[in-house]
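Enquirer: model the following, please.
(chains A and B)
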Amino acid sequence: MKVQINSGLCQGHGRCYDLAPGLFGADDEGYGLVLGDGIVPQDAEHDANLAALNCPEQAIELLEEG
Amino acid sequence: MAVDDRFPRAPREPGEDEELGTRSEIITGPVRDWATDFSHLEPEWSADPYLIQDDLRQRCPIAHTERFGGAWLPTRYEDVAAIAYDTDRFSSRAIILSNLRPPRDIAPIGGSPPISSDPPFHHDARKLLLAAFTKKEVARQEQATRAFCHSLIDSLAGRDVVDAAHDYAQHIPVRVIANMLGFPPEDGPQFREFVEDLLEGINLPAEDRTARVSRLFDYLLDQVHAHLDEPRDDLTTYLLNAELYGQKLAPDVVTGAMALLLIAGIDTSWSAIGASLWHLAKTPADRERLVAEPGLLPTAMEEFLRAYAPVTMARLVKDDIHWQGVDMKAEDWILLSFPAANRDPAQFDRAAEVVIDREVNRHAAFGLGIHRCLGSHLARMELRIALEVWLERIPAFTLADPGAVTWSAGQIRGPRTLPVRIG
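Expert: Have a look, this model is predicted:
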């Protein structure tokens, strides 16, 4: 699984970096950033789902690899 | 004395704050039918807005009133979201619904940028402030906030019954925002008056409203002058030096933004802290669980924000439109109720219940779209610290007298009297 943020939708609520700090960070204005290549380790899939399901702007996309 | 031509020291002319715009007739008194005559300023709404909103969502999801010169109240999540996102058709030039519509030409800046601004100005004004309100930046206030919360609890020592809204919740955001703006902490009681003047005095006569707004801006100008004389590492000095489009900010933009930061940061967080403590005082199972499992607090907090969202915004319809089955006229108000959206069963399972371990909680307490609450990270920090310290120091408490709890009137909802018995 891979995560990405639709920066056209993100408004900087910060739910992703609150709930999944291993996968997401913030830029200098508080908008969400994907850390590294966005590949989600298996043990972080729950966090990735939580981040996506709690984003008020529905800006987080989960991509199944393969 | 530092000179800045934008802010002359001469006393201001009487009438300088006289508000231009279009006034509507002030209509108060009991509501005949919430679908056609709603008013968020009547006591029935303050007592329990959720009953009214739940009923309207079923039978008339976009309610109307002739009060305030005409206003609409959507109660479905999807409608609230659609309006929040549609800045082409709904303007933020006034965000507190009242009997005065400010002149149309104050858009796209509005009286208190960036909350009152529309695109394209909005983006640039907001950008000036975003960096000061990131999660990382507000974390710098955390230690002082925690120490201040402890000192408030210390001051309650020896009392069986305390007012959790008046003696605790209200002081926390006042102290934090005074610190960030660089205003004297002892001025706190005045800030609370400004907040009441602006947010609760909606149906007062126009002259009274104007005098109250003047008081706030006189105070802000004093602070501007003090900061010009003695610049500091705070938001007031930052705004005085900030530039937009290669020029320093217009004086109204500086004082308008200061007013916004002062007013928007106080009532809202005070309400969120108070409503959370109210819930815990009347729900022993949730209180006991949070005391036993402090790690659940961040999740529980989001549920308090959903169920007791303190903030409702307003918009003005730009041009006549037929929208979701109703005919909106140019200059009609929209009462944009994030609290109503947050209790829509189409969006949330068990919407009317408070479920403190709700893991999926896509609530809109801080708004949606470009006007997402600038202070949301600060508010979350204050709420978390305020609840952590209270639960650590006062793990057992109950409502001392449920009938004595009072709630604010208007667009910001929270308890203003909250007597709790300790122990």
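Enquirer: got a list of what the residue lying closest to residue B:372 once chain neighbours are set aside touches?
Expert: Leaving aside its chain neighbours, residue B:372 sits nearest to residue A:11 (4.0 Å; criterion: Cβ to Cβ, 6 or more residues apart in numbering or on different chains). Every C-beta, even on glycine, is put in place using the N, C-alpha and C of the backbone. Neighbouring residues of residue A:11 by Cβ atoms under 8 Å, 6 or more residues apart in numbering or on different chains: A:31, A:56-57, A:59, B:368-370, B:372.
Enquirer: heading C-terminal from the helix or strand hosting residue B:194, find the next helix or strand.
Expert: Residue B:194 belongs to helix B:188-200 when assigned by DSSP states H and E. Once the chain leaves helix B:188-200, the next helix or strand it forms, by DSSP H and E, is helix B:206-229.
Enquirer: where along the stretch 51-200 of chain B do the strands fall?
Expert: Secondary structure of the stretch 51-200 of chain B (DSSP state E, counting those that start in this stretch): strands located at B:62-65, B:71-74, B:90-91, B:100-101, B:161-163.
Enquirer: can you lay out those strands as TSV showing mean pLDDT, distance to chain A and mean neighbour count?
Expert: Formatted as TSV, the strands of the stretch 51-200 of chain B follow (pLDDT from 0 to 100; distance: least, Cβ to the nearest Cβ, whole Å; neighbours: other Cβ atoms under 10 Å in any protein chain shown):
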stretch	mean pLDDT	distance to chain A	mean neighbour count
strand B:62-65	98	22	21
strand B:71-74	98	17	25
strand B:90-91	98	17	22
strand B:100-101	93	27	19
strand B:161-163	98	31	18
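Enquirer: could I get those as CSV with distance to residue B:145?
Expert: Putting the strands of the stretch 51-200 of chain B into CSV (distance: least, Cβ to Cβ, whole Å) gives the following:
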stretch, distance to residue B:145
strand B:62-65, 39
strand B:71-74, 35
strand B:90-91, 35
strand B:100-101, 36
strand B:161-163, 19
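Enquirer: residue B:73 contacts residue B:36, correct?
Expert: No - with contact defined as Cβ atoms under 8 Å, residue B:73 does not count as touching residue B:36 (10.7 Å).
Enquirer: mutual contacts of the two, please.
Expert: B:63-65.
Enquirer: what parts of chain B come near chain A?
Expert: Residues of chain B lying near chain A by Cβ under 8 Å from any Cβ of the partner chain: B:127, B:130-131, B:133-136, B:298, B:302, B:359-364, B:366, B:368-370, B:372, B:376-377.
Enquirer: pLDDT score assigned to residue B:19?
Expert: You'll see residue B:19 listed with a pLDDT of 66.
Enquirer: longest helix of chain A?
Expert: helix A:45-54 (DSSP state H).
Enquirer: pLDDT of that one, averaged?
Expert: Helix A:45-54 comes out at a mean pLDDT of 97.
Enquirer: show me what that helix is packed up against.
Expert: Helix A:45-54 sits against strand A:2-5, helix A:15-19, strand A:60-63, with contacts defined as 3 or more Cβ pairs under 8 Å, 6 or more residues apart in numbering or on different chains; DSSP states H and E.
Enquirer: after the longest one, next one along is what?
Expert: Read in the C-terminal direction, the helix or strand following helix A:15-19 is strand A:24-26, with elements assigned using DSSP H and E.
Enquirer: neighbouring contacts of whichever helix or strand comes after that following strand?
Expert: Remark: after strand A:24-26, the chain's next helix or strand is strand A:32-34, criterion DSSP H and E. Outside strand A:32-34, the residues that touch it by Cβ under 8 Å, 6+ apart are A:3-5, A:10, A:12, A:14, A:16-17, A:23-27, A:59-60.
Enquirer: kindly report the same for stretch B:223-234.
Expert: Here stretch B:223-234 has contacts from B:1-4, B:7, B:9, B:179-183, B:236-237, B:240-241, B:254-255, B:258, using Cβ under 8 Å, 6+ apart.
Enquirer: may I see the buried residues of the longest helix seen in chain B?
Expert: Ranked by residue count and defined by DSSP H, the top helix of chain B is helix B:251-282. Neighbour-count burial for helix B:251-282 flags B:251, B:253-281 (criterion: 16 or more other Cβ atoms under 10 Å in any protein chain shown).
Enquirer: same question for stretch B:220-230.
Expert: B:220-221, B:223-225, B:227-228.
Enquirer: as a whole number, average confidence for it?
Expert: 96.
Enquirer: distance of the closest residue in space to residue B:180 that isn't next to it in sequence relative to residue B:129?
Expert: Once flanking residues are discounted, residue B:180 sits nearest to residue B:235: 5.3 Å by Cβ to Cβ, 6+ apart. With distances taken as Cβ to Cβ, to the nearest Å, residue B:235 is found 8 Å from residue B:129.
Enquirer: what residues do these two have in common as contacts?
Expert: Common neighbours of residue B:235 and residue B:129 (Cβ under 8 Å, 6+ apart) are residue B:261.
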